[in-house]
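Novice: this one's sequence-less:
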């Protein structure tokens, strides 16, 4: 392996770590919203579900586990999940995260993502993420 190849490998690994930490930050913001806001918490009343977000090479892998009490963020995938989103690679994951509308359909059409499991769970998560984006201050200060 040449020096340039080693540098590229290190940069790719760092990019994966940075992406994973960013996704973890976003999921934890959602978790804090559920913990702090009763109106936002209503989104998960009587809801149990688990999501896995990963890259095909597993450089990035995070899980969000929901139950009626709240949400847990894990750095590994559970054995059983309801919805799994697998991005082709770290750059594909980053393009989705930093896209203007974060529409999973665009990523599907570009063949950069594969979704397994119940698609309704993906739509529910998207709704909850949009609600958090639309009124972050209300939710984090105390749930209106």
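Specialist: Good, I have the coordinates. Everything numeric here is computed off the predicted structure, so don't read it as measured data. Residues are numbered from 1 along each chain as shown.

Novice: let me see the contact set for the closest residue to residue 129 other than its chain neighbours.
Specialist: Taking C-beta to C-beta, 6 or more residues apart in numbering, and ignoring the residues beside it in sequence, residue 129 has residue 30 as its nearest neighbour in space, at 6.7 Å. Bear in mind the C-beta positions are built from the backbone N, C-alpha and C, glycine included. Under the criterion of C-beta atoms under 8 Å, 6 or more residues apart in numbering, the contact list for residue 30 reads 64, 71, 128, 129, 132.

Novice: doesn't the first one fall inside a strand?
Specialist: Yes. The assignment for residue 64 by DSSP: H, G, I helix; E, B strand; the rest coil puts it in a strand.

Novice: what's across from it in the sheet?
Specialist: residue 51, residue 73 (DSSP bridges).

Novice: can you count the residues close to it?
Specialist: Number of residues near residue 64 (other C-beta atoms under 10 Å) recorded here: 23.

Novice: that one: what's it in contact with?
Specialist: Taking C-beta under 8 Å, 6+ apart, we find residue 64 in contact with 27, 30, 50, 51, 53, 71, 72, 73, 74, 125.

Novice: quickly note the distance from residue 71 to residue 127.
Specialist: The span separating residue 71 from residue 127 equals 14 Å under the rule C-beta to C-beta, to the nearest Å.

Novice: kindly report the same for residue 117.
Specialist: 17 Å.

Novice: cool, residue 112 as well?
Specialist: Separation of residue 112 from residue 127 (C-beta to C-beta): 22 Å.

Novice: between those two, which one's more packed in?
Specialist: residue 112 (17 against 11).

Novice: quick one, helices of the chain?
Specialist: Remark: helices assigned in the chain by DSSP state H are 3-36, 38-41, 90-97, 104-109, 119-134, 136-142.

Novice: lovely, talk soon.
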